Structure formats: structure tokens, C-alpha cells
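Chemist: Show me the folded form of this:
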Amino acid sequence: MQNRLGALIFVLGLGLSVALFATTPAGQAEGFLAFLFAPVQETFSSSTAGFTDVFVTMSSAMELRARKEELEKENAELRQANRRITELERQNQDLLAELKYKQTRPEHELLPAAVLTRDPTNLVHSLTIDRGRDDGVREGMTVLTPKGLVGQVSRVAPRSAKVLLITDTGSGTDVVARSSNARGIVSGQRRRDLLVMRYIRQDAILRAGDWVVTSGLGGVFPPGIPVGKVSYVQQRDTEMFQEAFLEPEVDFAQLDRVLI
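Modeler: Below is the predicted model:
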């Protein structure tokens with residue numbers, strides 16, 4: 001009912017405006033028309049302005065999202081470049097350490113090698129290097145870094161070799177403490193970040209923080225190569241020997257270059 005009444009009023013108003021436009025001067029007719037249709041014009045203008053505001057808001061949101069994605073991409077690229085720089089710096093430091101180590105031991109002809117692979121099963125703590133029989137590598141050779149002992153060559157191919165690490169449970173390295181000359185045998189154990197030093201006499205003095213090096217006994221490894229630092233000592237009165245647990249001097253998780 002209200003819709004019909006509104007339509008009737010609009011038609012009557014339109015008819016009246018046409019009649020007035022025909023019988024009145026142009027200026028007065030135009031003024032009356034402007035007065036009559038002002039509400040319609042205002043409504044249309046408001047709708048148009050609202051639509052424009054929505055369009056501008058959507059456009060700004062799309063621009064912000066695109067800019068955000070661009071910044072995230074740039075940030076990821078910068079992080080990747082920073083990782084590459086860090087890795088190159090570490091490799092450069094390793095090479096400089098190798099050179100310095102070789103210069104301090106001119107009597108030894110040390111052969112540098114790169115780590116190719118590690119044992120994927122973790123059943124045996126070993127790695128493969130890119131030097132082999134063609135380079136003069138032989139079974140039983142000592143493998144180390146400027147920081148300390150790595151292990152021993154266990155198998156040789158023409159252009160590669162396998163190295164048994166001192167962290168393996170089947171390895172055995174005769175060692176001595178620098179501070180007290182306490183002796184023992186170092187091997188790996190279940191915790192990869194610790195070595196165990198066994199067969200230490202009960203009357204031997206060994207404390208946390210003591211440095212342990214190869215003794216040279218048995219002719220397996222040359223004497224004086226750093227092996228690790230004592231983390232803690234385990235002593236039981238009922239046992240014949242005491243045990244010590246060492247933090248390896250070499251970071252085996254980050255190992256990518258060695259000397260033979």
C-alpha cells in the first residue's frame with residue numbers, strides 16, 4: 001500500500017512539474033525541479049560515494065597484500081644469502097686453520113680431504129672422504145682436524161675412503177690426561193655428544209675440565225692429539241676402575257673437512 005502511494009505521489013509530482021515547466025519562466029521551473037528531485041539526487045550521490053569508498057579500500061588492501069608478499073620474499077632471500085655468507089666464512093676459517101696446523105707440523109705431510117657422506121643408518125659412526133688409494137691413503141691412517149682427533153681410515157677405494165670415528169662404540173683410543181697422566185681407553189657410547197674413558201685406575205687423579213690427548217701407545221695414533229675435555233668422573237669404590245665422560249674436541253655434526 002505504501003509503495004503504491006509513493007508511486008502515485010511521484011507520478012503526480014512529475015506531471016505537475018511538466019505543467020509548471022510549460023507555464024512558468026525557465027528559471028523558476030528549473031528551481032522547482034531541483035527542489036523536487038533533490039532527495040533523489042542526494043540518495044544517488046551518497047550511493048555513488050559509498051561505492052567509491054569501498055573500491056578505494058579494496059584497492060588499498062590489494063596493494064598492501066602485494067607489498068607484504070614482496071617484502072616477505074625479499075626477507076627470505078636475505079636470510080638465504082646470510083646463511084650462505086655464514087657458511088663461506090666457516091669454510092674459510094676451516095681452511096685457514098688447516099693451513100696453520102700444517103705449517104706448525106712441517107714434519108708431517110698432511111693430506112686435506114672433504115667429507116662426502118656419513119653412514120645413513122647410524123649403526124656405525126663413520127664417514128666417507130674424497131681421498132683414496134690413488135692419493136696415497138692407506139688403511140689405519142690417522143684422520144684429524146686442527147682441533148683434534150676424528151678417527152682412523154678403515155677401508156680404502158681408489159678415489160675415496162671410509163673413516164671409523166672415535167665416537168663409534170667399536171673404536172678404542174689409548175689416551176692420557178695432560179694434567180695428571182691418568183691413562184685410559186676412549187670409545188663412543190649411546191650419547192653421541194659424549195665419549196667414555198674406561199679402565200682408569202682408582203688411584204688416578206682426574207677432574208672435570210682436564211684435557212685428554214692420545215698417548216701414542218700401541219702405535220695406532222701419534223701422541224698428543226687432542227681428544228676431548230672431561231665433563232664428569234664416575235667413581236665407585238666397588239669397581240676396579242673409574243670412568244670419565246668427555247666432550248669431544250671435534251664437532252662431528254659440523255664436520256666437512258679433515259686432514260689425513
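Chemist: what lines up beside the helix or strand harbouring V186 in the sheet?
Modeler: Assigned by DSSP states H and E, V186 belongs to strand 183-187. Applying DSSP bridges, strand 183-187 is found paired with strand 173-177 (antiparallel), strand 195-201 (antiparallel).
Chemist: got these as TSV, with distance to E239 columns?
Modeler: Every residue, glycine included, has its C-beta placed from N, CA and C. Shown next, in TSV, are those (distance: least, Cβ to Cβ, whole Å):
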stretch	distance to E239
strand 173-177	19
strand 195-201	10
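Chemist: Identify, out of these, the most deeply packed stretch.
Modeler: Sort the strands paired with strand 183-187 by mean neighbour count, taking mean count of other Cβ atoms under 10 Å, and strand 173-177 sits at the top with a mean of 23.
Chemist: For V175, list the residues it contacts.
Modeler: R183, G184, I185, V186, M197, V212, V213, T214, S215, V227 (Cβ atoms under 8 Å, 6 or more residues apart in numbering).
Chemist: and which of these is nearest L71?
Modeler: L71 has its nearest neighbour among these in V227, at 49.0 Å by Cβ to Cβ.
Chemist: any low-confidence regions in the stretch 51-200 of the chain?
Modeler: Residues of the stretch 51-200 of the chain meeting the criterion pLDDT under 70: 51-56, 58, 83-108, 120-123.
Chemist: Going by residue numbers, what spans are strands in this structure?
Modeler: Counting by DSSP state E, the chain has strands at residues 112-118, 126-129, 142-144, 149-156, 161-165, 173-177, 183-187, 195-201, 211-214, 226-234, 241-248, 257-259.
Chemist: export the ones you listed to CSV and tack on distance to A61?
Modeler: Shown next, in CSV, are the strands of the chain (distance: least, Cβ to Cβ, whole Å):
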stretch, distance to A61
strand 112-118, 49
strand 126-129, 53
strand 142-144, 60
strand 149-156, 57
strand 161-165, 57
strand 173-177, 66
strand 183-187, 64
strand 195-201, 59
strand 211-214, 63
strand 226-234, 57
strand 241-248, 55
strand 257-259, 52
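Chemist: Let's see stretch 130-142 as PDB, backbone CA atoms only.
Modeler: Provided in PDB are the C-alpha atoms of stretch 130-142 (Å, rounded to 0.1, in the frame of the first residue of the first chain):
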ATOM      1  CA  ASP A 130      87.100 -37.800  -1.200                       C
ATOM      2  CA  ARG A 131      90.600 -39.100  -1.000                       C
ATOM      3  CA  GLY A 132      91.600 -42.700  -1.700                       C
ATOM      4  CA  ARG A 133      94.300 -45.100  -2.800                       C
ATOM      5  CA  ASP A 134      95.200 -43.000  -5.800                       C
ATOM      6  CA  ASP A 135      96.000 -40.200  -3.400                       C
ATOM      7  CA  GLY A 136      98.200 -42.300  -1.100                       C
ATOM      8  CA  VAL A 137      95.600 -43.100   1.500                       C
ATOM      9  CA  ARG A 138      96.000 -46.400   3.300                       C
ATOM     10  CA  GLU A 139      94.000 -48.300   5.900                       C
ATOM     11  CA  GLY A 140      95.000 -47.400   9.500                       C
ATOM     12  CA  MET A 141      95.900 -43.800   8.700                       C
ATOM     13  CA  THR A 142      95.000 -41.200  11.300                       C
END
